[in-house]
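Novice: pasting the sequence and the predicted coordinates here, then a few questions.
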Amino acid sequence: MGAGFLVGVIGVLILSHATYSTIQYRALLKITEEEFSGPPIDVVIELIVSLVLCLWAAMAAPGNFKSIHPQSEENRVVALPANLDFMIFNHRGKIFPLETELKLK
Amino acid sequence: MQNNMKVILYSRTFMAIIGGVIAGILGLTSLTGFIFYFLVMAMTSVALTAKAKFSIHSYFDSWNRILLDGFFGGLMSFVLFWTFAYDIVHIF
């Protein structure tokens, strides 16, 4: 969370600086009475940098994906019955006759 | 699954907002802005695929989850921030 969030904040700060530069550029154009055709090159570079930083933040900040397969190593809940501490012997299965002889035949 | 969808939605909304502000600063109008939105969303999809380590089916049930989910909700945020940034930079 920490590093990705920080990168996102830096990206947004660069973005606001690019906005401010463009506003000043518009003011300059108003003085020299030219038409606006596109933002200057340094603003474009700032925009690209902030886009990359924010893309990184959007990937890093929200958290990781979790596997949807039941038999994966990350899935702790499914792995619990395999743990010996969770085995139960006091259940209704004990009133049924043992069928060990059946298997031995 | 629910956790993964939440992560996708968060990433998409954030990228839509950032894309909207960038489109506004660049001064894009009408169709160009929507093409820019498609580019940003395609980039986000590729990045999400890379985040899932290119094995979509161990994290999601279909490709639509990663490609289309949150697209129209993101479009609304995009248009909002696009007009907002355009107004700040180019009109006032």
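Specialist: Here it is on my side, so go on.
Novice: which parts of the chain are helices?
Specialist: Let's take chain A. Using DSSP state H, the helices of chain A run over A:2-32, A:41-60, A:76-79, A:100-104.
Novice: let's do chain B instead
Specialist: B:2-26, B:30-51, B:63-67, B:71-86.
Novice: for B:F71, which of the helices of chain A is the nearest?
Specialist: Ranking these by proximity to B:F71 (Cβ to Cβ) places helix A:41-60 first, at 15.1 Å. Every C-beta, even on glycine, is put in place using the N, C-alpha and C of the backbone.
Novice: flag every buried residue along the closest one.
Specialist: For helix A:41-60, a neighbour-count test (16 or more other Cβ atoms under 10 Å in any protein chain shown) marks A:43, A:46-47, A:50-51, A:53-60 as buried.
Novice: where does the chain dip in pLDDT?
Specialist: If you meant another chain, say so; for now it's chain A. A:1, A:71-83, A:98-105 (pLDDT under 70).
Novice: what's near enough to touch the residue nearest the centre of chain B?
Specialist: Nearest residue to the geometric centre of chain B (Cα atoms, centre = their mean): B:A16, 3.7 Å. By Cβ atoms under 8 Å, 6 or more residues apart in numbering or on different chains, the contact set of B:A16 is B:Y37, B:V40, B:M41, B:G74, B:L75, B:S77, B:F78, B:F81.
Novice: of those, which is the most crowded?
Specialist: Neighbour tally across the contacts of B:A16 (other Cβ atoms under 10 Å in any protein chain shown): the maximum, 26 neighbours, falls on B:F78.
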